[in-house]
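**Student:** need coordinates for the following:
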Amino acid sequence: MAVDPYRDERFVERYDIDNPPSDDHVYYRALADEIEAKKIIDLGCGTGLLTRALATPGRVVIGVDPSATMLDYARRQPGAEAVSWIHGDATKLAGSGDADLAVSSGNTMMHICPEACPTVLGSLAAALRLGGVISFETRNPEAREWERWNPAETSTERDTSFGHVREWLEWRSTRTTTVLYFRTAEDITADLERAGFSDVDVRGGWHNEPVTVDSRVLVFRATR
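**Tutor:** Numbering: from 1, shown residues only. Below is the predicted model:
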């Protein structure tokens with residue numbers, strides 16, 4: 001397994017502060033309610049903020065993440081006992097064919113290289129029941145967001161419990177510590193269909209917005 005990119009415990013402890021629940025969490029919670037999901041998989045669950053919110057009474061919720069540091073933190077949070085935590089990737093899931101919903105929030109799907117996507121989606125398909133739903137988000141390559149990743153446009157400063165922090169986004173062509181794969185809606189849809197999913201629907205936001213060149217995110221939903 002790859003080196004844990006979030007092995008700095010100080011970073012993990014402030015992750016939820018930097019990434020609080022927003023419209024994405026509202027969307028995934030509403031989707032779970034809409035389809036009356038009784039068993040849910042959260043791939044790339046991280047600190048488990050969304051995962052624990054999905055773990056309402058009567059549900060079986062599984063959180064999967066390759067970061068041991070993230071999972072250690074998640075297991076210490078209130079409500080963690082209601083979730084089954086798995087250290088690893090999608091291949092660690094049992095192909096039980098009985099889950100109602102699989103979600104993947106944030107940049108999780110963008111960390112998966114195109115060559116690995118068929119395996120990941122195949123593992124999720126095997127875990128879902130016939131008629132089960134998969135939903136996830138990616139960033140829209142047509143918006144060319146990376147062109148604005150520079151210190152001048154993204155730099156922020158703030159005081160934290162760990163001291164003063166300055167942060168920015170910067171794109172580099174030859175050196176990186178985190179890779180995000182920007183893929184088109186057509187390519188991802190083709191991968192979903194090859195993995196056995198149908199009725200693939202793509203939206204340009206969390207409120208059913210149509211996809212345009214300016215859409216920051218692509219929100220996918222498909223049926224097993």
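**Student:** okay, CA-based contacts and neighbour counts for the rest of this
**Tutor:** Will do.
**Student:** so where do the strands sit in this protein?
**Tutor:** 39-43, 60-65, 83-87, 99-104, 128-139, 156-160, 163-167, 198-203, 217-223 (DSSP state E).
**Student:** let me have those strands in JSON lines, extended by distance to residue 187 and mean neighbour count.
**Tutor:** Below are these laid out as JSON lines (distance: least, C-alpha to C-alpha, whole Å; neighbours: other C-alpha atoms under 10 Å):
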{"stretch": "strand 39-43", "distance to residue 187": "20", "mean neighbour count": "25"}
{"stretch": "strand 60-65", "distance to residue 187": "24", "mean neighbour count": "23"}
{"stretch": "strand 83-87", "distance to residue 187": "28", "mean neighbour count": "19"}
{"stretch": "strand 99-104", "distance to residue 187": "18", "mean neighbour count": "24"}
{"stretch": "strand 128-139", "distance to residue 187": "12", "mean neighbour count": "22"}
{"stretch": "strand 156-160", "distance to residue 187": "34", "mean neighbour count": "10"}
{"stretch": "strand 163-167", "distance to residue 187": "32", "mean neighbour count": "10"}
{"stretch": "strand 198-203", "distance to residue 187": "12", "mean neighbour count": "17"}
{"stretch": "strand 217-223", "distance to residue 187": "12", "mean neighbour count": "22"}
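**Student:** including mean pLDDT, could those strands go into JSON lines?
**Tutor:** Compiled in JSON lines, these are given as follows (pLDDT from 0 to 100):
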{"stretch": "strand 39-43", "mean pLDDT": "98"}
{"stretch": "strand 60-65", "mean pLDDT": "98"}
{"stretch": "strand 83-87", "mean pLDDT": "97"}
{"stretch": "strand 99-104", "mean pLDDT": "98"}
{"stretch": "strand 128-139", "mean pLDDT": "97"}
{"stretch": "strand 156-160", "mean pLDDT": "63"}
{"stretch": "strand 163-167", "mean pLDDT": "61"}
{"stretch": "strand 198-203", "mean pLDDT": "98"}
{"stretch": "strand 217-223", "mean pLDDT": "97"}
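**Student:** just put these in TSV and tack on distance to residue 209.
**Tutor:** Conversion of the strands of the chain to TSV gives the following (distance: least, C-alpha to C-alpha, whole Å):
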stretch	distance to residue 209
strand 39-43	24
strand 60-65	28
strand 83-87	32
strand 99-104	19
strand 128-139	13
strand 156-160	29
strand 163-167	31
strand 198-203	6
strand 217-223	10
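**Student:** I'd like to know how far residue 135 sits from residue 28.
**Tutor:** 8 Å (C-alpha to C-alpha, to the nearest Å).
**Student:** which residues are in contact with each of these two?
**Tutor:** With contacts taken as C-alpha atoms under 8 Å, 6 or more residues apart in numbering, the residues that reach both residue 135 and residue 28 are residue 103.
**Student:** having no further points to raise, I will conclude here.
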